[in-house]
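*Asks:* here is my input, please return the structure:
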Amino acid sequence: MRIGELAATVGVTTRAVRHYHHLGLLPEPGRRPNGYRDYTLRHAVVLARIRRLTELGLGLAEVRDVLADDAGREPAAVLAELDEDLARQEGALRERRARLRVLMEDAREGRLPAEGPVSPELAALFGRFGPGPDSPMAVKDREVFALLETSAPPEARAAMLAGLESMLSAPGAVERAHEAYALLDALADADPEDPRVDEAARVLAELIPPELVPHTDPGTGIAPGTGTGTGGGIDSGSFLRAFYADFAPAQAEAIRRTLRILTEARP
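*Replies:* Numbering: from 1, shown residues only. Below you'll find the model as predicted:
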């Protein structure tokens, strides 16, 4: 068979056949004297299998793994493994749709955070801060939490949400948070040696629970080494450098002093 005949037999395009060759999913056939590929029934069988697997929802990388692992295996075992994998995907899809429904309802009711879609848990914690005064620092703080929720591994995300819950459960926490934001906003054009830097650091240190504090060098406010501290796959040293660079010098210094106070207070 030529490539067009093979594609028509299995019900795919010739472009798909060439793509599967490029990815190594479909073996290259021999060629006729005139240079045209000469496909056999075995190629049609493999191509049909690739089509069935992709129609089941597997990505091409997964198809490659299935084809590589199937040599010598019983078809029933292969199908059972595929069924388990699809069940996991189905469960994950149901969870994502449930979260999407909550976000759609929040959007209809005007409750969707300005930072965009976040988890219902984080959206609820944001809501507990109340409307409060307009604060550039509060906006930036929420953006960072939204970033961490997206990029952190599950255990770090759970610890962050638990830390925020702990912080907000303390009496007067919302009022102290608004006070801290106001102090930091006032440092936007200040010198790092401004006396208000220490005041802002003190208020923040009294507000932030230990589980929200990354492990940092007390002298620099940067996590020692790489790949440790704030978030599993996040290089915490690089993250904190970018984090500080996003603030005015006096604001960054207030946060460094806050982390220094909290780090030195650890047992």
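
*Asks:* okay, CA-based contacts and neighbour counts for the rest of this
*Replies:* Noted.

*Asks:* report the rounded mean pLDDT for the longest helix anywhere in the chain.
*Replies:* Assignment by DSSP state H gives helix 75-108 as the longest helix of the chain. Across helix 75-108, pLDDT averages out at 74.

*Asks:* report the buried residues of the following helix or strand past it.
*Replies:* Where DSSP states H and E defines the elements, the next helix or strand beyond helix 75-108 is helix 120-128. When burial is assessed from 16 or more other CA atoms under 10 Å, helix 120-128 yields the following buried residues: L122, A123, F126.

*Asks:* low pLDDT regions in the stretch 101-250 of the chain?
*Replies:* The model of the stretch 101-250 of the chain has pLDDT under 70 over residues 102-103, 106-107, 109-117, 130-133, 210-211, 213-240.

*Asks:* repeat that for 80
*Replies:* 101-120, 123, 127, 129-134, 147-148, 150-152, 209-241 (pLDDT under 80).

*Asks:* strands of that one, start to end?
*Replies:* Taking DSSP state E, counting those that start in this stretch as the criterion, the stretch 101-250 of the chain contains no strands.

*Asks:* how about the helices in it?
*Replies:* Remark: helices assigned in the stretch 101-250 of the chain by DSSP state H, counting those that start in this stretch are 120-128, 136-151, 154-169, 173-186, 196-207, 236-245, 249-264.

*Asks:* give me every residue that touches P33.
*Replies:* By CA atoms under 8 Å, 6 or more residues apart in numbering, no residues touch P33.

*Asks:* hmm, I was thinking of A44
*Replies:* Counted by CA under 8 Å, 6+ apart, A44 has contacts L6, T9, V10.

*Asks:* please redo it, this time with the cut-off set to 10 Å
*Replies:* Going by CA atoms under 10 Å, 6 or more residues apart in numbering, A44 touches M1, E5, L6, A7, T9, V10, L26, I50.

*Asks:* just the element for it, please.
*Replies:* For A44, the host element (DSSP H and E) is helix 41-55.

*Asks:* could I get that helix in PDB with only the CA atoms?
*Replies:* What follows is helix 41-55, C-alpha atoms only, in PDB (Å, rounded to 0.1, in the frame of the first residue of the first chain):
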ATOM      1  CA  LEU A  41      -0.900  -5.000   6.700                       C
ATOM      2  CA  ARG A  42       1.300  -4.800   9.900                       C
ATOM      3  CA  HIS A  43       1.600  -1.000   9.400                       C
ATOM      4  CA  ALA A  44      -2.200  -0.800   9.100                       C
ATOM      5  CA  VAL A  45      -2.700  -2.800  12.300                       C
ATOM      6  CA  VAL A  46      -0.300  -0.500  14.300                       C
ATOM      7  CA  LEU A  47      -1.800   2.700  12.800                       C
ATOM      8  CA  ALA A  48      -5.300   1.500  13.700                       C
ATOM      9  CA  ARG A  49      -4.200   0.900  17.200                       C
ATOM     10  CA  ILE A  50      -2.700   4.400  17.500                       C
ATOM     11  CA  ARG A  51      -6.000   5.800  16.300                       C
ATOM     12  CA  ARG A  52      -8.000   3.800  18.800                       C
ATOM     13  CA  LEU A  53      -5.700   4.800  21.700                       C
ATOM     14  CA  THR A  54      -5.900   8.500  20.800                       C
ATOM     15  CA  GLU A  55      -9.700   8.300  20.500                       C
END
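
*Asks:* how far does it sit from its chain's centre?
*Replies:* 34 Å (CA atoms, centre = their mean, to the nearest Å).
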